[in-house]
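Peer 1: starting from these lines, generate the structure:
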Amino acid sequence: MTPDFQLVHVTGLILEEQTELSLDDLSRACAAQAERIVELVNEGILAPAGAAPAHWRFTGVHLQRARVALRLESDLGVNLAGAALALELLEELDSLRQRVQRLEATGR
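Peer 2: Purely as a prediction, here's the structure:
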């Protein structure tokens, strides 16, 4: 059975960049233990502001990255290092798609 896993390309203004979430907030939003979020930070998947877990602040972008990483792990059995690589590749793909769209829009 193939897992029902889809990545959706969304274009628009990300208002969540201004949202601040604590470690507990992010854990609740991801339905994950705080220890799992700490593992995402340790793996380099998330880079919160703040010096220690009690002072970490996450944005909506972090929330999205955490959800995708946790879903890659749970649905596809990808380890955290693999999830980090997959996220980098997905972001690069999105960047290249945006570049192509800009070039097509200018007629080049």
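
Peer 1: report how many residues lie close to Trp56.
Peer 2: By other C-beta atoms under 10 Å, 22 other residues sit near Trp56. In this view, the C-beta of every residue, glycine as well, is placed from N, C-alpha and C.

Peer 1: mind listing what it touches?
Peer 2: By C-beta atoms under 8 Å, 6 or more residues apart in numbering, the contact set of Trp56 is 22-23, 41, 48-50.

Peer 1: mind checking which helix or strand the residue nearest in space to the middle of the chain is in?
Peer 2: In the chain, the centroid-proximal residue (C-alpha atoms, centre = their mean) is Arg65; its distance is 0.8 Å. Here Arg65, judged by DSSP states H and E, is contained in helix 60-76.

Peer 1: return that helix as CSV; C-alpha atoms alone will do.
Peer 2: Presented in CSV, the C-alpha positions along helix 60-76 are these (Å, rounded to 0.1, in the frame of the first residue of the first chain):
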residue,chain,number,x,y,z
GLY,A,60,5.1,29.5,10.8
VAL,A,61,7.9,28.5,8.3
HIS,A,62,9.4,26.4,11.1
LEU,A,63,5.9,24.9,11.7
GLN,A,64,5.6,23.9,8.0
ARG,A,65,9.1,22.4,7.9
ALA,A,66,8.5,20.4,11.1
ARG,A,67,5.3,19.0,9.8
VAL,A,68,6.8,17.9,6.5
ALA,A,69,9.8,16.4,8.3
LEU,A,70,7.7,14.5,10.8
ARG,A,71,5.4,13.3,8.0
LEU,A,72,8.3,12.1,5.9
GLU,A,73,9.5,10.2,8.9
SER,A,74,6.2,8.7,9.8
ASP,A,75,4.7,8.0,6.4
LEU,A,76,7.8,7.1,4.4
